[in-house]
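K.L.:
Everything below, folded, please.
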Amino acid sequence: MKLTQEQIEYYGEHGLLFILELFSTKEVAAMQAAVEDLIVKDTPGRILEKDNKTVRALHGCHTTTEIFDSLVRHPSLLTSACEILNSDVYVYQFKINFKAAFGGDLWPWHQDFVFWDREDGMPSPKALNVAVFLDEFNEFNGPMYFIPGSHKESLVHLGQIESSEVNGQKNDWKSNVSAALKYSLGKETIAKLANEKGLVAPKGPSGSVLFFHCNLVHGSAPNISPYDRRLLIITYNSINNIPSFKGKPRPEFLVSRDHTPLQPLLD
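P.N.:
The predicted structure follows:
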């Protein structure tokens with residue numbers, strides 16, 4: 001897949017680009033099988049919901065799992081990211097966000113870049129997320145909500161609500177990936193943006209792919225449906241935008257220290 005100029009311009013205007021069924025059923029099944037193997041392993045990047053038993057997220061598994069190591073170099077994803085950012089890139093983050101049937105918690109309204117700016121020292125929002133649907137996303141199982149065009153607003157240092165505690169404990173890196181996010185956006189900010197720009201919730205079958213800007217405002221509701229909703233997210237960062245860590249850096253499974261430019265696989 002090669003993006004058209006029209007698609008790149010659409011991304012620039014709206015902050016997201018949705019492509020239905022980029023991956024085949026067979027390819028998705030292979031990724032799902034790898035996830036099933038990973039979910040039962042107690043690894044440092046494995047995060048649980050508040051019930052301490054339901055998996056909320058896996059982080060950094062592209063460094064330990066062959067199929068995901070290949071996925072980050074998939075030409076349709078990597079080449080498109082380079083085209084959008086007009087730069088060579090490396091993997092900044094890799095995660096799989098779960099919304100388990102009947103138990104997946106919410107993600108509050110937020111932007112991603114504020115975390116990378118304040119926690120990691122990323123110079124600018126020259127990064128993007130590529131999200132692969134590992135399940136069907138429908139109106140019932142907690143799809144992601146976006147405010148199109150909100151990536152153009154200067155909200156990173158304005159209107160952010162910073163939580164000082166999560167579950168009664170002082171914030172650490174886990175507050176960046178829990179339902180009680182360290183940085184979120186308030187109701188008035190969201191209402192104003194939504195009234196001005198509207199809301200979208202991309203839905204579609206497994207294998208669909210969503211590119212979205214790291215400053216695009218987004219969130220999602222809890223999943224009380226009987227349908228799982230798993231989302232694999234690769235964050236590509238420009239090699240000209242490498243963070244300058246201040247103080248103690250977050251764990252490497254959360255923020256990669258390997259800045260080697262990626263080369264697409266031939267097949």
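K.L.:
And the strands in the protein?
P.N.:
All strands of the chain, identified by DSSP state E, fall at 16-19, 46-48, 55-59, 89-99, 107-110, 127-133, 144-146, 160-162, 165-166, 169-170, 183-185, 209-213, 218-220, 229-238.
K.L.:
Pull out the buried residues from the fifth one.
P.N.:
What that stands for is strand 107-110. Going by neighbour count (16 or more other Cβ atoms under 10 Å), the buried part of strand 107-110 is W107, P108, W109, H110. The way it works is simple: take the backbone N, C-alpha and C, and place the C-beta from them, glycine included.
K.L.:
residues contacting Q93?
P.N.:
The contact partners of Q93, by Cβ atoms under 8 Å, 6 or more residues apart in numbering, come to H59, I233, I234, T235, L254, V255, S256.
K.L.:
do that again at 7 Å, thanks
P.N.:
Q93 sits next to T235, L254, V255 when contact means Cβ atoms under 7 Å, 6 or more residues apart in numbering.
K.L.:
How much space separates K2 from C214?
P.N.:
K2 sits 23 Å away from C214, going by Cβ to Cβ, to the nearest Å.
K.L.:
Between the two, which has more neighbouring residues?
P.N.:
For K2 against C214, the residue with the higher neighbour count under other Cβ atoms under 10 Å is C214, and the figures read 25 against 9.
K.L.:
Does the more buried one touch L128 like I think?
P.N.:
Yes. Contact criterion Cβ atoms under 7 Å: C214 and L128 qualify, at 6.1 Å.
K.L.:
Would you map the helices across this protein?
P.N.:
Secondary structure of the chain, counting by DSSP state H: helices at 5-14, 25-39, 66-71, 75-85, 113-120, 187-197.
K.L.:
so which of those helices is the most packed in?
P.N.:
For those, ranked by mean neighbour count under the definition mean count of other Cβ atoms under 10 Å, the leader is helix 113-120 at a mean of 22.
K.L.:
can you give me the angle that helix makes with strand 229-238?
P.N.:
60 degrees (axes from the mean of the first three to the mean of the last three Cα atoms, to 10 degrees).
K.L.:
which other helices and strands contact helix 113-120?
P.N.:
Here helix 113-120 is seen to pack against no other helix or strand when contacts are counted using 3 or more Cβ pairs under 7 Å, 6 or more residues apart in numbering; DSSP states H and E.
K.L.:
show me what contacts L78?
P.N.:
Contact criterion Cβ under 7 Å, 6+ apart gives V72, L262, P264 as the residues in contact with L78.
K.L.:
And P222, by the same measure?
P.N.:
Residues in contact with P222 (Cβ under 7 Å, 6+ apart) are G104, D105, L106, G142.
K.L.:
Quick check: chain neighbours aside, which residue is closest to the last one?
P.N.:
On the basis of Cβ to Cβ, 6 or more residues apart in numbering, the spatially nearest residue to G142 that is not a chain neighbour turns out to be N223, at 3.8 Å.
K.L.:
Show me the shaky parts of the stretch 101-250 of the chain.
P.N.:
Within the stretch 101-250 of the chain, the stretches falling below the threshold (pLDDT under 70) are 154-161, 163-179.
K.L.:
rerun at 50
P.N.:
Per-residue confidence for the stretch 101-250 of the chain (pLDDT under 50) gives these ranges: 165-171.
K.L.:
Distance from stretch 55-69 to the middle of the chain?
P.N.:
13 Å (Cα atoms, centre = their mean, to the nearest Å).
K.L.:
Sorry, wrong one. I was asking about stretch 135-152.
P.N.:
Averaged over its C-alpha atoms, stretch 135-152 has a centre that lies 12 Å from its chain's centre (Cα atoms, centre = their mean).
K.L.:
With stretch 135-153 instead?
P.N.:
Here the centre of mass of C-alpha atoms in stretch 135-153, compared against the chain's by Cα atoms, centre = their mean, lies 11 Å away.
K.L.:
Mind listing what's buried along that stretch?
P.N.:
For stretch 135-153, burial by neighbour count (16+ other Cβ under 10 Å) applies to 135-137, 141-151, 153.
K.L.:
Just the closest of those residues to D228, please.
P.N.:
Each of those was scored against D228 by Cβ to Cβ, and D135 proved nearest at 5.3 Å.
K.L.:
what pairs with the spatially most central residue of the chain across the strands?
P.N.:
Nearest to the centroid of the C-alpha atoms of the chain, with distances taken as Cα atoms, centre = their mean, sits I233, at 4.4 Å. For I233, the beta-bridge assignment (DSSP bridges) gives partners K95, A131.
K.L.:
Thanks a lot, see you next time.
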